[in-house]
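>>> below: sequence and its predicted model.
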Amino acid sequence: MTLGLLDGRPLPRTALDLRLAALRTGPRSTALPQPGSSEDRQLTRWVAQVLLTEALCETVAAERALAVSSPGPARLDQQAAVELGSITAAAYEGSAAVRAVYASVTADVEPSAADLAHYRSVTTRPPAVVWRLALPDGEFDADPDTLPAALAEALRAAAPGERVTAGPWTAALLSPHTVTDDHDPTPALKEAARRAAFVRWLDHERARRLTLVEGLEHPGDPAQPDNHHRH
């Protein structure tokens, strides 16, 4: 019984059955689809593709003589998981070999100057004026446009530090200051570029080296030689 082929070598289905059993007895078992349903068959194929991705990266890690450490799981943030795709993200989180191959494949990836310029053009905000206010219960910074209109008008007319009252609000404007957006986008863009490069590389390697067996939804069915397709 075969899960799939890696470089033409059969991979046993045992790993798939064990992974599915662990899911169905795990803490999130109540969120899984009903056994035998179409959704359950989709889950089986999804888990199979995760396992094939892990097996591929284990082989690549051995070929590249990569140090595979930290056998425990990792956690991606939501943006990273979306950019990698659910199958690759699950493999990355669960397999130290996938993480080692990711680091090797993307080690030299850098965002382009055009990417950095575009990111800055759509995210950089103009300098903003912020007021340092003193209220009866303490001091805080506030955007003047977010204050009640009557209070903002009174503070503008008052001398610095002069306490004013407008309706139910009492405050003093201690000092205005300008806040600039000096966030460096390079680290975030580098990680996004690395994820995109890894997805491209992995898609190519999957198509070249992996074959997923049809009929995985039926445990115990032998794989038919003519029932394979590249994945």
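Looks like it came in fine.
>>> counting by contacts, list what the helix ranked longest in the chain packs against.
Across the chain, the longest stretch assigned as helix under DSSP state H is helix 38-63. Helix 38-63 makes packing contacts with strand 2-6, strand 9-12, helix 14-24, helix 86-94, helix 96-105, helix 186-209, strand 210-213 when contacts are defined by 3 or more Cβ pairs under 8 Å, 6 or more residues apart in numbering; DSSP states H and E. Bear in mind the C-beta positions are built from the backbone N, C-alpha and C, glycine included.
>>> any idea which of those has the lowest pLDDT on average?
Across the helices and strands packed on helix 38-63, the stretch with the lowest average pLDDT is strand 210-213; it has a mean of 88.
>>> flag the shaky bits of this protein, pLDDT-wise.
Residues of the chain that meet the criterion pLDDT under 70 lie in 71, 181-182, 216-231.
>>> let me know the helix or strand that the residue nearest to the spatial centre of it is in.
The C-alpha lying nearest the average C-alpha coordinate of the chain belongs to Ala80 (Cα atoms, centre = their mean; 1.7 Å). With elements delineated by DSSP states H and E, Ala80 resides in helix 78-84, which encompasses its position.
>>> residue farthest from the centroid of this structure?
Outermost in the chain, Cα atoms, centre = their mean: Ala159 at 49.7 Å.
>>> where does that one sit: helix, strand or coil?
Remark: Ala159 carries the secondary structure label coil [criterion: DSSP: H, G, I helix; E, B strand; the rest coil].
>>> same question, Arg132
Per three-state DSSP, the local secondary structure of Arg132 is strand.
>>> returning to that earlier point: as CSV, the helices and strands packed on helix 38-63 with distance to Ala114 and mean neighbour count would be great.
Compiled in CSV, the helices and strands packed on helix 38-63 are given as follows (distance: least, Cβ to Cβ, whole Å; neighbours: other Cβ atoms under 10 Å):
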stretch, distance to Ala114, mean neighbour count
strand 2-6, 37, 21
strand 9-12, 41, 14
helix 14-24, 42, 15
helix 86-94, 26, 20
helix 96-105, 22, 21
helix 186-209, 11, 16
strand 210-213, 34, 20
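>>> nearest to Glu139, out of those?
Taking Cβ to Cβ as the criterion, Glu139 comes closest to helix 186-209 out of those, the separation being 32.2 Å.
>>> re the thing from before, and the residue farthest from the centre of the chain, how far from Pro148?
Distance, Ala159 to Pro148, by Cβ to Cβ, to the nearest Å: 20 Å.
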